[in-house]
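[1] Below: sequence and its predicted model.
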Amino acid sequence: MKVTPIKTEKVLPGSISLFDFLDKYIIGLKEKTVVAIASKVVGICEGRVVKKISEEQKDELAKEEADYYLPRECNQYGFMITINQNMLVASAGVDESNGNGYYVLWPKDPQKSANEIREYLSKKFAVEDVGVILPDSKLSPLRWGVTGYSVVHSGFNALKNYIGTPDIFGRLLQAEKTNVADSLSTAAVFEMGEGNEQQPLAIIEDLNTVEFQQRNPTKEELDNLKIALGDDVFSSLLTTVKWQKGKK
């Protein structure tokens, strides 16, 4: 696998449209390539920004975006933990880093955005096997530092299922699945950086084990990525707190 980050201009609210941005910085694509575009940049290009006034305003935005949330006072570091699009994230993805005085939200319909980007790039560069991910960064329990994860994906199978296949000693695997979209996002986010690198795009190539689909993911495929709160392996922890219902 080869990940190549792309240096871009500073993307500011109203400065450039999403597809003009893609035209400017993606000059060619090969078959069997995944394009990573920071979810924050897509949100900015789509106008999903709010001028920063106060931290309380951020909380209200997070409540609007979240399915469920825990108030700030439940966290010793003073930020909201939320569930948004079946993912455990801080402040429902509302962020101010590299926002230049704005709160930046995830795209309104991230899956629609990813699908449209994939279709656009496929047509423009005449490639059939092209995927798109909109990555963001997250914290992991009991570990310092952030890693990447995929808010959404398009154009490839996001899960590699090993259940029922043998391990190297012939034992049939019972529960193993690899989250391809999150794995690619982790690699992309690492190369793109978290600070002032100014690299919100990455081209991921040499993907011999990724199963490309030449289409958008189906509802069934997207649903298969999700685990109900009560079914999660960490449900005994996740269900002991008093989640409050967000407004999404």
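    Sure, I can see it.
[2] Give me the nearest residue to Ser39, chain neighbours excluded.
    Leu134 (4.3 Å; Cβ to Cβ, 6 or more residues apart in numbering). Backbone N, C-alpha and C define where each C-beta goes, glycine included.
[3] mean confidence score for the helix or strand where the one you found lies?
    Using DSSP states H and E, Leu134 maps to strand 130-140. Averaged across strand 130-140, pLDDT comes to 95.
[4] Would you map the strands across the protein?
    2-6, 33-37, 49-51, 68-70, 81-84, 87-90, 102-104, 130-140, 143-154, 159-161, 177-179, 201-205, 244-245 (DSSP state E).
[5] what's the most buried one of these?
    Most buried of the strands of the chain, by mean neighbour count (mean count of other Cβ atoms under 10 Å): strand 33-37, with a mean of 26.
[6] Which strands or helices does it pack on?
    helix 110-125, strand 130-140, helix 180-192, strand 201-205 (3 or more Cβ pairs under 8 Å, 6 or more residues apart in numbering; DSSP states H and E).
[7] State the mean pLDDT of it.
    98.
[8] Would you list the strands that it pairs with, along with their directions?
    strand 130-140 (parallel), strand 201-205 (antiparallel) (DSSP bridges).
[9] would you turn those into TSV with distance to Lys177?
    Formatted as TSV, those follow (distance: least, Cβ to Cβ, whole Å):
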stretch	distance to Lys177
strand 130-140	17
strand 201-205	20
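[10] Looking at those, spot the one closest to Thr4.
    With distances scored as Cβ to Cβ, the stretch of the strands paired with strand 33-37 nearest to Thr4 is strand 201-205 (4.7 Å).
[11] and that closest one, average pLDDT?
    98.
[12] Stretch 82-97 now?
    Here the average pLDDT along stretch 82-97 is 93.
[13] related to what we said a few turns ago, make a markdown table from the strands of the chain and add distance to Leu237 to it.
    Listed next are the strands of the chain as a markdown table, based on distance: least, Cβ to Cβ, whole Å:
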| stretch | distance to Leu237 |
| --- | --- |
| strand 2-6 | 33 |
| strand 33-37 | 30 |
| strand 49-51 | 32 |
| strand 68-70 | 13 |
| strand 81-84 | 12 |
| strand 87-90 | 11 |
| strand 102-104 | 29 |
| strand 130-140 | 13 |
| strand 143-154 | 15 |
| strand 159-161 | 23 |
| strand 177-179 | 20 |
| strand 201-205 | 33 |
| strand 244-245 | 17 |
